[in-house]
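Student: just the structure for this:
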Amino acid sequence: MTDISIPLPKCQHLKILTGQKALVTGGSSGIGKAVAIALGQAGADVVVNYHSDEDEAHEVADTITAAGSKALVVGADVSREEDVQRMFHQMLDSFGTIDILVANAGMQQDAPLDEMTLKQWQKVIDVNLTGQFLCAREAVREFKRRGVVDEISCAAGKIICMSSVHQTIPWAGHVNYAASKGGIMQMMRSIAQEVAPFRIRVNSLCPGAIRTPINADAWNTKEAYDSLMKLIPYNRIGEPEDIGRAAAWLASDQADYITGASLVIDGGMCLYPGFAHGG
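Tutor: Below is the predicted model of the structure:
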């Protein structure tokens, strides 16, 4: 693995989410793992959802409890309505309510357009887009039922949708993935518009290149890493913790006036670095 010489910022683990209950889908690895841990370190009790990595999910839960918060591991396929409803029932039974949803679960099944099967297209849309819809719907139902609890948060609830720079950057060979992320952007904005009068905030995080197993081919050799840096003006790959810290802040009352926003976390990838010297 190629390391970088630039020191990363230290997280202060401020308890800005004390007393809140959070659900992170796809929380057993990668970005979801970092987000779940960051929320727990910020004081939230966290439901760690997983699809297939139960052991890893329990390891994440152990890290959260070591930070002084509670954790619950729940397996569910977010593309299945009955699984999502069961997961929320388990959370409400254990934690009483939900204050924060991070709809993070996602996947890729890549192929050139003329070779992509309907099954590949549908699976990615089902998990990445429909899964976020199903989770957001259940969360909003509980937020509306409970309303604002002033001593917990200024808002009745917070939803963070995990999108991508590919909600705006086209990605040849990944049509299903890019379409799902573009859909997340407009879904998020439409939900935010609808539920803002209920003091429910809805935003999205849009990571660029992050050092996770799903994209290891892009960073695990010097040649691959150097090639990737041509796309990132800030000259380092993102770490999962970069996204985790942003999620904890965006879910907190420090960000209370932010809704309907896409927070891009990409080291400048969306700045079209190919044009830095005149194109």
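
Student: quick check: mean pLDDT of the longest helix along the chain?
Tutor: Counting by DSSP state H, the longest helix found in the chain is helix 175-195. Averaging pLDDT along helix 175-195 gives 98.

Student: can you check stretch 45-59 too?
Tutor: 97.

Student: could you shift the numbering so residue one becomes 29, and keep it that way?
Tutor: Sure, I'll start counting at 29 from here, so that last one is stretch 73-87.

Student: in which helix or strand does residue 273 reside?
Tutor: helix 268-279 (DSSP states H and E).

Student: elements contacting that helix?
Tutor: helix 58-69, strand 128-131, strand 185-190, strand 228-235, strand 290-293 (3 or more C-beta pairs under 8 Å, 6 or more residues apart in numbering; DSSP states H and E). For every residue, glycine as well, the C-beta is placed using N, CA and C.

Student: so what's the gap between that helix and the chain middle?
Tutor: Offset of helix 268-279 from its chain centre (C-alpha atoms, centre = their mean, to the nearest Å): 9 Å.

Student: nearest spatial neighbour of residue 217, skipping sequence neighbours?
Tutor: If the residues on either side of it in the chain are set aside, residue 217 comes closest to residue 288, at 5.1 Å by C-beta to C-beta, 6 or more residues apart in numbering.

Student: wait, doesn't the one you found sit right on residue 228?
Tutor: No - applying C-beta atoms under 8 Å, one finds residue 288 not in contact with residue 228, separated by 11.1 Å.

Student: how about the contacts made by the nearest residue to residue 131 once chain neighbours are set aside?
Tutor: Excluding the flanking residues, the one nearest residue 131 by C-beta to C-beta, 6+ apart is residue 160, at 4.1 Å. Contacts for residue 160 (C-beta atoms under 8 Å, 6 or more residues apart in numbering) come out as 106, 131, 189, 190, 212, 215.

Student: pull out the buried residues from these.
Tutor: Buried members of the contacts of residue 160, scored by 16 or more other C-beta atoms under 10 Å, are 106, 131, 189, 190, 212, 215.

Student: what residues does the helix or strand bottoming out on mean pLDDT in the chain touch?
Tutor: In the chain, no helix or strand scores lower on mean pLDDT, DSSP states H and E than helix 250-257, which sits at a mean of 93. Helix 250-257 has contacts (C-beta under 8 Å, 6+ apart) with 30, 237, 245, 246, 247, 263, 264, 265.

Student: roughly how far does residue 134 sit from residue 229?
Tutor: For residue 134, the distance to residue 229 (C-beta to C-beta, to the nearest Å) stands at 21 Å.

Student: let me fix that: residue 286
Tutor: Distance of residue 286 to residue 229, computed by C-beta to C-beta: 7 Å.

Student: ok, these two, which is more surrounded?
Tutor: residue 229 (26 against 15; other C-beta atoms under 10 Å).

Student: ok, that one touching residue 281?
Tutor: No - with contacts counted by C-beta under 8 Å, residue 229 stays clear of residue 281, the gap being 10.0 Å.

Student: shared neighbours, these two?
Tutor: residue 183.

Student: okay, now the unreliable bits of the stretch 29-178 of the chain?
Tutor: 29-41 (pLDDT under 70).

Student: would you map the strands across it?
Tutor: For the stretch 29-178 of the chain, the strands defined by DSSP state E, counting those that start in this stretch cover 49-52, 73-78, 99-103, 128-131.

Student: could I get those strands as CSV with distance to residue 65?
Tutor: Shown next, in CSV, are these (distance: least, C-beta to C-beta, whole Å):
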stretch, distance to residue 65
strand 49-52, 9
strand 73-78, 8
strand 99-103, 10
strand 128-131, 12
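
Student: how about the ones you listed, which one is nearest residue 241?
Tutor: strand 73-78 (14.5 Å; C-beta to C-beta).

Student: about what we covered before: against which helices or strands is the longest helix of the chain packed?
Tutor: Looks like helix 203-223 contacts helix 146-153, helix 159-174, strand 185-190, strand 228-235 (3+ C-beta pairs under 8 Å, 6+ apart).

Student: distance to residue 72 for these - can I get that in TSV?
Tutor: Putting those into TSV (distance: least, C-beta to C-beta, whole Å) gives the following:
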stretch	distance to residue 72
helix 146-153	29
helix 159-174	14
strand 185-190	10
strand 228-235	15
